[in-house]
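Visitor: can't give you the sequence, but here's the structure:
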Ligand SMILES: Cc1cc2nc3c(=O)[nH]c(=O)nc-3n(C[C@H](O)[C@H](O)[C@H](O)COP(=O)(O)OP(=O)(O)OC[C@H]3O[C@@H](n4cnc5c(N)ncnc54)[C@H](O)[C@@H]3O)c2cc1C
């Protein structure tokens, strides 16, 4: 009968020995290729496994060497080797994992189109809807939020949306995050919303409006359209139709990222013109068309409706009560509630005979009333006069921009600002800068 006393002893030793944690073939490999000797059985010669080496003289020697490895050497002396082996083993495993595991992409990049999923399409008027999109693939949330954050901080930006059948793309302006939205959509900061008007003959807008929820939409961006200067003090934003999207972006940049600057509390006044009440239901209507100069319109943008009657002469603002506010009106109202001294919004509706006119523009440009920083929004100095740059931004259909600020011009394949024309050219702009979007 085989004497097992020795075996028991070596078994107990193996269990005290750190190498006992290693799988057998791994310890053999360490011994075989690193010459680490007595890992498996400290008191026994290491067996030579297999016979494939024996016919080759060089391996024969090695096999003989391995078969006679003396395992009684000092363990202390070998510890650094064990450590080195472990460290390099784990290092290699970590490196392998790092280089072979797919790294989540940022949700958006300016070079290539990234797939987004149409989460919802909320129709807000007969011609326009709010589209909510989320990246289709798993994205690096932190990087994604950072890409959007940089864009929101910078100013007005857009993304390109691809129509895959025709392989054409159009620019659209993401709406800023809003506290009014259900948390599900915006809470992780990677969803994007768009206010898109369906052009009856438009290739891309028509395509988008036909897509069902769950469809994939390819986006590329962000593209910075206009960097809002850091030292901006006041913005007068003239928005026509979907031009409200960049106006909301400007308000977001100003109120969330530039609030209460050393130059004073920045402010923004938005004059939003729509052909129909549809898009801005519930919005506060500017009633004084005569004061706004609309009774003597200059060039009018396509679809313009001539005023039917002379509007009242008082300069009151009144809510278009009775109907629940349209989603974007709600968002504008929420901003006004949160920043009552920093944002003012006026609505002009062509079918109600209200227009952005010369007189109203002149009043806005010369408004000297103090817009103070609401309490608790330090470090701005409440009530301090604003000394920052003053900007007039104009955004909307070509006809709208031309009517207010003159045509943009194409030069060398690039769209340029052109000279200031339209209504603004008739006013003394006194230090206001004009930018047509
Ligand atoms: C920076 C930027 C941001 C924008 N943001 C938004 C936004 O947030 N929301 C939004 O709704 N829009 C936005 N737009 C407008 C948007 O990019 C598209 O221009 C708009 O949706 C129309 O595109 P479309 O492909 O549907 O129409 P298109 O196919 O380009 O057609 C537009 C109009 O031109 C007419 N047309 C086309 N080809 C011809 C031709 N050969 N001859 C005569 N007429 C022709 C069509 O009948 C149609 O009425 C933005 C534009 C820019 C530049």
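Guide: Now that the structure is in, tell me what you want to look at. Predicted, not measured: the structure shown is a model, and the values here were computed from it. Numbers count the residues shown, from 1 in each chain.

Visitor: find the nearest non-adjacent residue to residue 116, please.
Guide: residue 133 (4.0 Å; CB to CB, 6 or more residues apart in numbering). Bear in mind the C-beta positions are built from the backbone N, C-alpha and C, glycine included.

Visitor: what strand or helix carries that neighbour?
Guide: Taking DSSP states H and E as the definition, residue 133 sits inside strand 128-135.

Visitor: so how far is the ligand from the residue nearest to residue 116?
Guide: Residue 133 is 13 Å from the ligand, where distance means CB to the nearest ligand atom, to the nearest Å.

Visitor: same check, this time on residue 409
Guide: In terms of CB to the nearest ligand atom, residue 409 sits 15 Å off from the ligand.

Visitor: and the pLDDT for that residue?
Guide: Residue 409 carries a pLDDT value of 93.

Visitor: which outside residues touch stretch 169-179?
Guide: For stretch 169-179, contacts defined as CB atoms under 8 Å, 6 or more residues apart in numbering pick out 130, 152, 156-163, 186, 189, 192-196, 203-205, 220, 222-223, 225, 242, 245-246, 248-249, 251-252, 256, 328, 331, 334.

Visitor: and the strands in the stretch 301-437 of the chain?
Guide: Per DSSP state E, counting those that start in this stretch, the stretch 301-437 of the chain carries strands over the ranges 317-319, 343-349, 389-395, 409-411, 414-416, 432-436.

Visitor: which of the contacts of stretch 169-179 are close to the ligand?
Guide: Residues of the contacts of stretch 169-179 in contact with the ligand (CB under 6 Å from any ligand atom): 158, 194-196, 203-205, 225, 242, 245.

Visitor: among the residues you listed, name the ones in strands.
Guide: The strands, defined by DSSP state E, take in 158, 194-196, 225 from those.

Visitor: rewinding a little: for the strands of the stretch 301-437 of the chain, give me a markdown table that also has distance to residue 265 and mean neighbour count.
Guide: As requested, the strands of the stretch 301-437 of the chain are exported to a markdown table (distance: least, CB to CB, whole Å; neighbours: other CB atoms under 10 Å):
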| stretch | distance to residue 265 | mean neighbour count |
| --- | --- | --- |
| strand 317-319 | 22 | 11 |
| strand 343-349 | 11 | 23 |
| strand 389-395 | 14 | 23 |
| strand 409-411 | 36 | 10 |
| strand 414-416 | 33 | 9 |
| strand 432-436 | 18 | 19 |
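
Visitor: which strands or helices does the strand holding residue 133 pack on?
Guide: On a contact count with 3 or more CB pairs under 8 Å, 6 or more residues apart in numbering; DSSP states H and E, strand 128-135 meets strand 114-123, strand 192-197, strand 216-227.

Visitor: 7 Å - rerun?
Guide: Contacting strand 128-135 under the criterion 3 or more CB pairs under 7 Å, 6 or more residues apart in numbering; DSSP states H and E are the following elements: strand 114-123, strand 192-197.

Visitor: direction included, what does it pair against?
Guide: strand 114-123 (antiparallel), strand 192-197 (antiparallel) (DSSP bridges).

Visitor: most packed of those?
Guide: Mean neighbours per residue, mean count of other CB atoms under 10 Å, is largest over the strands paired with strand 128-135 for strand 192-197, with a mean of 22.

Visitor: the closest residue to the ligand within the stretch 101-250 of the chain: neighbour count?
Guide: Here the stretch 101-250 of the chain gets closest to the ligand at one residue, residue 202, 2.1 Å apart by CB to the nearest ligand atom. Using other CB atoms under 10 Å, residue 202 is surrounded by 15 other residues.

Visitor: just use 377 as the starting number from now, easier for me
Guide: With the count now opening at 377, the last piece we talked about shows up as residue 578.

Visitor: low-confidence stretches in this structure?
Guide: Scanning the chain with the threshold set as pLDDT under 70 gives 377-456, 458, 466, 469-481, 515-520, 557-565, 635-640, 661-699, 746-762.

Visitor: per-domain residue ranges of it.
Guide: 490-600, 608-661+699-747+762-812 (the TED database).

Visitor: ok, and which of these has the densest surroundings?
Guide: The most buried stretch of those, if neighbours are counted by mean count of other CB under 10 Å, is domain 608-661+699-747+762-812, with a mean of 20.

Visitor: between its first and last residues, how far does that domain reach?
Guide: The first and final residues of domain 608-661+699-747+762-812 sit 17 Å from each other (CA to CA, to the nearest Å).

Visitor: burial measure for the residue of the stretch 677-813 of the chain found nearest the ligand, as a count.
Guide: Per CB to the nearest ligand atom, residue 813 is where the stretch 677-813 of the chain lies closest to the ligand, at 6.7 Å. When neighbours are counted by other CB under 10 Å, residue 813 registers 21.

Visitor: still on that earlier bit, tell me the angle the strand holding residue 509 makes with strand 592-603.
Guide: 100 degrees (axes from the mean of the first three to the mean of the last three CA atoms, to 10 degrees).

Visitor: list of residues touching strand 504-511?
Guide: 483, 490, 492-500, 561, 566-574, 584-585, 593, 655, 703 (CB atoms under 7 Å, 6 or more residues apart in numbering).

Visitor: not counting the helix or strand following it itself, show me its contacts.
Guide: Next helix or strand after strand 504-511 toward the C-terminus (DSSP H and E): helix 517-530. Under the contact criterion CB under 7 Å, 6+ apart, helix 517-530 has outside partners 482-484, 533, 552, 564-566, 598, 600, 603, 628-629, 633.
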